[in-house]
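# Test case, fold it:
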Amino acid sequence: MPRSPGESNPVFVTVGTTSFDALIEALDSERTVKVLEQRGFTELTLQIGRGTYAPTTLRTRGAFKVRVVEYLPSIEREIARAGLVISHAGAGSVFETLRSGTPLLVVVNERLMDNHQVELAEELAERGCLRWCVADGIFGAIEALELDGSGFARKAYDPGECSIKERLEELLF
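Just a heads-up that it's a prediction; the model follows:
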């Protein structure tokens, strides 16, 4: 949903507690700020985790604020205030964001071995809950966002019912 003019509309980028330098490096350009501003966002926080790449090009520009942090005690607050979350495809970060209802752009780390991230991202994208890309495709994905600061149209995530307790009871009793 679009925010009112003048209202803060942050973008939160997270790699969780991992290292995903390819994502942070892909975003480290003045183009990032320009494209996000054009899409109605007002600030950018990058949580870079254990990565070794420290952004050198991203800078606060005018009213658009840029903040880089290694870790946060909790990403819940950042997710709740964000107009868009750009996240690695770690299940914890993905499902925490989906539960919040914040638009989510997942970036799959292609360098991981036995990469289950693509499967998770594809399944949730097919359900209409999020969009996904690889680090090299981040600008195309950002440019595809709505111009009104709403991110993109999506379906609400339905976590469904966990029936393992019932299944175990059926088997045991």
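
# contacts and neighbour counts: CA atoms only from here.
Noted.

# my read: Ala26 touches Ile142, true?
No - contact criterion C-alpha atoms under 8 Å: Ala26 and Ile142 do not qualify, at 11.8 Å.

# If we ignore the residues flanking it in sequence, what's nearest Leu120?
Closest residue to Leu120 apart from its sequence neighbours, by C-alpha to C-alpha, 6 or more residues apart in numbering: Ala89 at 7.6 Å.

# and the one you found, how many neighbours?
As a burial measure, Ala89 scores 25 neighbours (other C-alpha atoms under 10 Å).

# for the one 5 residues further on, same thing?
Summarising burial for Val94: neighbours were counted as other C-alpha under 10 Å, giving 21.

# Equivalent analysis for Ala63, please.
9.

# wait, it sits on Leu44?
No - here Ala63 lies out of contact with Leu44, judged by C-alpha under 8 Å, at a distance of 11.3 Å.

# so which helix or strand takes in Ser74?
Per DSSP states H and E, Ser74 falls between elements, in no helix or strand.

# Quick check: it vs Leu171, distance?
Distance from Ser74 to Leu171, counting by C-alpha to C-alpha, to the nearest Å: 39 Å.

# cool, Gln38 as well?
56 Å.

# ok, the two, which is more surrounded?
Ranked by neighbour count (other C-alpha under 10 Å), Gln38 and Leu171 place Gln38 first, with 16 against 8.

# what sits against that one?
Leu147 (C-alpha atoms under 8 Å, 6 or more residues apart in numbering).

# so what's the residue nearest to the spatial centre of the chain up against?
Centroid-nearest residue in the chain, with C-alpha atoms, centre = their mean: Ile86, separated by 2.1 Å. With contacts defined as C-alpha under 8 Å, 6+ apart, the neighbours of Ile86 are 11-14, 104-107.

# Helix, strand, or coil at it?
Secondary structure, DSSP: H, G, I helix; E, B strand; the rest coil: Ile86 is strand.

# Let the chain start at 583 from now.
I'll keep to 583 as the first residue from here, and by that count the last item is Ile668.

# Check what pLDDT it gets.
If you check Ile668, the pLDDT there is 98.

# returning to what we had before: shared neighbours of Ala608 and Ile724, which are they?
With C-alpha under 8 Å, 6+ apart, Ala608 and Ile724 have no common neighbours.
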